[in-house]
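Asks: Kindly return the folded structure for what I paste below:
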Amino acid sequence: MAEIKRIRCGSENCYLIEKKERAILIDTGRKGFEEKILNHCKKSRVELIILTHGHIEQVQNAAHLSKELKAPLAIHRDDLGILKDNFKEPVSYQGLLGMVVADVAVKNFEESVIFDFTPDIYLKEGDRLDEYGIDGTILELPGHTRGSIGLELEKRAVFVGDALMNLFYPGLPMIYCDREAMIRSAEKISALGARKIYFCHGNPAENRTWSQIEK
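Replies: Modelled structure (predicted):
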């Protein structure tokens, strides 16, 4: 069974999934956390870096970590457009809390720089990670961004990126580019059944019927 290590990077999470000294890294955090992430990766051979989507807090350290770890970068092709400019997709929200989160996100988009990189691998629904020593399957989870993806690990855990969030409470993402796609992705995660859900934002939680608990 693979070990899951949560790396807290301010208000975001990155994850190291490790099995028999082989590992993959999920997301790369913001500038300022790169050394912390590298320290967590030192005892493993990181063979792949998965970017759940193209927003700044997932990809800002991607170029640096890929170089230091000598690991390829993988993302969904539909998020290529926002890698250089997060404003290339609309930022929609619902409710007062959603407005606050959207304001913070827009400010981050304006003030932060994504260091240029070209992904090495493009992931899609159903791709397996066996060649990296991990029993995992890629899930397409669009809505938060067009190319948002997740990873189901050993039929016991799901890394959902920002397809779900646990900022103030566990539920649907507070910002999104496509509301209907977001809801379908949440329903897809719910349909997986008993799983531990690992978010980019917030503590893990048990899987549930996500589309029915929106506030």
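Asks: Can you find the helix or strand in the protein with the smallest mean pLDDT?
Replies: The least trusted helix or strand in the chain, going by mean pLDDT, DSSP states H and E, turns out to be helix 95-111, with a mean of 88.
Asks: List the contacts of the next helix or strand after that helix.
Replies: Using DSSP states H and E, the helix or strand that follows helix 95-111 in sequence is strand 121-122. If you take C-beta atoms under 8 Å, 6 or more residues apart in numbering as the criterion, strand 121-122 is touched by 48, 72-77. (C-beta placed from N, C-alpha, C; glycine too.)
Asks: how does it look with 6 Å?
Replies: 72, 74, 77 (C-beta atoms under 6 Å, 6 or more residues apart in numbering).
Asks: mind listing the strands for the chain?
Replies: 3-9, 12-19, 22-26, 45-50, 73-75, 92-93, 121-122, 136-140, 149-153, 157-161, 175-176, 196-199, 205-206 (DSSP state E).
Asks: who's sitting farthest from the centroid in the chain?
Replies: Farthest-out residue of the chain from its mean C-alpha position, per C-alpha atoms, centre = their mean: Leu96, at 24.0 Å.
Asks: Please report the distance of that residue from Met174.
Replies: Taking C-beta to C-beta, to the nearest Å as the measure, Leu96 falls 10 Å from Met174.
Asks: and what of Phe115?
Replies: Counting by C-beta to C-beta, the gap from Phe115 to Met174 is 26 Å.
Asks: Who has more neighbours out of those two?
Replies: Met174 (25 against 11; other C-beta atoms under 10 Å).
Asks: from what I can see that one touches Val100, true?
Replies: No: contact criterion C-beta atoms under 6 Å: Met174 and Val100 do not qualify, at 8.3 Å.
Asks: which residues sit in contact with Thr209?
Replies: Per C-beta under 6 Å, 6+ apart, neighbours of Thr209: Ser190.
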